[in-house]
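> Quick one: sequence and predicted model below, then my questions.
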Amino acid sequence: MMLELCVIFGGQSPEHEISRKSVTSVLNNLNKDKYNISTIGITKNGAWYLYTGDYAKIESGEWEQDTENKKKAILSPDAEDKAILVFDGDKVTKIHPDVIFPVLHGEFGEDGTIQGLFELSGIPYVGMGVMASANGMDKTSSKIVFASADIPQADWVVVNKTDNFEDKMDEIENKLGYPCFVKPARTGSSVGVGKAHDRKELKAALENAAQFDRKILVEENIDGHEVECAVLGNEDVKAATVGEIMPTVEFYDFDAKYNDNSTELQIPADLPKETIEQIREYAVRAFKALDGSGLSRVDFFVKHSDGSVVLNEINTLPGFTNISMYPKLWGAVGIEYSELLDKLIELAEKRVK
């Protein structure tokens with residue numbers, strides 16, 4: 001008997017386009033002999049549609065103009081019904097998914113909000129729960145969680161949009177120095193991230209980050225290898241190998257991640273075996289500290305000066321594009337893309353609430 005799988009993509013975050021890239025890869029790699037797939041697209045304005053058209057139209061956004069193959073739809077919070085309601089004029093039909101697979105990034109996608117709706121619906125879903133998603137998405141909250149788990153991190157300062165930036169810049173200069181990184185607290189894919197080398201650049205970076213979030217994280221610069229580790233599991237958590245990012249630009253920003261084909265990924269990373277094992281151990285520890293489930297990609301720096309490992313951040317719904325690190329890391333240890341999707345769906349079914 002085929003499993004009823006609902007895949008959700010798009011969303012209202014600045015990472016909407018990345019979701020469309022990710023979901024295209026996911027849909028193309030799902031085993032069509034195992035799953036009866038329904039697809040829900042969420043527009044940037046937050047409208048939900050059941051989309052039954054060509055997957056090839058999703059990445060470009062053309063699916064939104066495909067009126068013959070989309071109908072308004074919404075996930076019901078009625079846990080007795082466990083249904084997606086599809087509207088066709090005055091007629092309402094229902095889809096009853098066994099599992100929901102959210103291929104969503106950023107705000108309203110991996111911050112616990114839509115996970116709360118999934119919980120209300122009573123339908124199992126891929127990925128972390130409400131609290132883990134919220135803490136994982138908020139870089140300032142996750143800093144506190146990881147500190148309690150005794151995982152080394154870069155030093156930081158939190159800035160609120162309403163703070164006096166001049167006073168905060170004094171604090172940042174005294175505590176962190178230059179260069180430093182400025183990040184909106186709750187975005188991913190390096191959206192709104194800037195690197196400041198002096199006070200003028202710092203002010204500009206703070207003002208830019210404030211366009212994306214009311215809370216901003218400023219971190220000390222770590223001179224080191226940028227590496228990532230993929231994590232998979234619920235109670236029994238496994239870490240894949242470690243990959244290194246080698247961008248040709250000064251830092252791994254949005255364009256380097258998704259538009260710059262010159263960025264190289266080295267898997268496994270060219271690091272000592274003991275360093276790779278330390279990263280894998282920290283990745284699992286970070287995942288468990290958040291009370292994680294399903295999947296995450298955990299990012300680190302390995303300092304050039306002494307080879308020590310520093311946690312950067314966790315991504316609770318990492319990219320799934322054809323060039324994304326998460327599926328590539330599992331592929332390097334023998335779990336190919338389609339099998340990885342199967343495992344994530346199985347973990348969703350087995351997750352203990």
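Structure's in. What do you need?

> all strands of the stretch 201-350 of the chain, in order?
215-220, 224-233, 238-246, 264-266, 294-303, 309-315 (DSSP state E, counting those that start in this stretch).

> If I average pLDDT within each of the ones you listed, which one is lowest?
Mean pLDDT is lowest for strand 264-266 among the strands of the stretch 201-350 of the chain, at a mean of 89.

> List the strands paired with it, with their directions.
Using DSSP bridges, the strands paired with strand 264-266 are strand 238-246 (antiparallel).

> how big is the angle separating the partner strand from strand 224-233?
150 degrees (axes from the mean of the first three to the mean of the last three Cα atoms, to 10 degrees).

> Next, the contact list for residue 302, please.
The contact partners of residue 302, taken as Cβ atoms under 8 Å, 6 or more residues apart in numbering, are 224-225, 227, 269, 271, 275, 279, 308-310. To be clear about C-beta, it is placed using only N, CA and C from the backbone, and glycine gets the same treatment.

> Next: residue 160.
Residue 160 neighbours (Cβ under 8 Å, 6+ apart): 214-216.

> before we move on, what about residue 344?
Residues in contact with residue 344 (Cβ under 8 Å, 6+ apart) are 101, 126-127, 232, 294-295.

> Which two among the residues you listed are spaced furthest apart?
With Cβ to Cβ as the measure, no two of the contacts of residue 344 lie farther apart than 101 and 232, at 14.7 Å.

> These two: which is more packed in?
residue 101 (25 against 21; other Cβ atoms under 10 Å).

> in what helix or strand does that one lie?
strand 99-103 (DSSP states H and E).

> Give me the distance between the residue lying closest to residue 107 once chain neighbours are set aside and residue 190.
Once flanking residues are discounted, residue 107 sits nearest to residue 13: 4.0 Å by Cβ to Cβ, 6 or more residues apart in numbering. Separation of residue 13 from residue 190 (Cβ to Cβ, to the nearest Å): 13 Å.

> So for the two, which sits in the more crowded spot?
residue 13 (25 against 19).

> Make sure the more buried one is indeed in a strand.
No. Under DSSP: H, G, I helix; E, B strand; the rest coil, residue 13 falls outside any strand and is assigned coil.

> Can you give me the pLDDT of it?
90.

> Mind jotting down where the helices sit in the stretch 51-200 of the chain?
113-121, 130-137, 139-148, 165-175, 199-209 (DSSP state H, counting those that start in this stretch).

> any idea of the mean pLDDT in the shortest one?
Spelled out, it's helix 130-137. 96.

> Next, the angle strand 294-303 makes with that helix.
Using the same axes, to 10 degrees: helix 130-137 against strand 294-303 is 30 degrees.

> same check, this time on the third one
Using the same axes, to 10 degrees, one finds that helix 139-148 and strand 294-303 are set 80 degrees apart in direction.

> Determine how far helix 139-148 lies from the middle of the whole chain.
Relative to its parent chain, helix 139-148 has a centroid offset of 17 Å by Cα atoms, centre = their mean, to the nearest Å.

> buried set for that helix?
For helix 139-148, a neighbour-count test (16 or more other Cβ atoms under 10 Å) marks 139-143, 145-146 as buried.

> What is the nearest of the contacts of residue 344 to residue 159?
The nearest member of the contacts of residue 344 to residue 159, counting by Cβ to Cβ, is residue 127 at 29.2 Å.

> any idea what sits nearest that closest one, other than its immediate chain neighbours?
Residue 127's closest residue in space is residue 294 (Cβ to Cβ, 6+ apart), at 4.4 Å.

> coming back round to it: between the strands of the stretch 201-350 of the chain, which gets nearest to residue 342?
Nearest to residue 342 among the strands of the stretch 201-350 of the chain is strand 224-233 (11.6 Å), distances taken as Cβ to Cβ.

> ok, the closest one: who's next to it in the sheet?
Using DSSP bridges, the strands paired with strand 224-233 are strand 238-246 (antiparallel), strand 294-303 (antiparallel).

> Out of these, the one nearest residue 92 is which?
Closest approach to residue 92 among the strands paired with strand 224-233 is made by strand 294-303 (31.1 Å; Cβ to Cβ).

> which of the residues in stretch 304-313 are buried?
By neighbour count on 16+ other Cβ under 10 Å, the buried set for stretch 304-313 is 309-313.

> wait, the residue nearest to residue 107 sits on residue 192?
No. Using Cβ atoms under 8 Å, residue 13 is not in contact with residue 192, being 11.3 Å away.

> Noted, bye for now.
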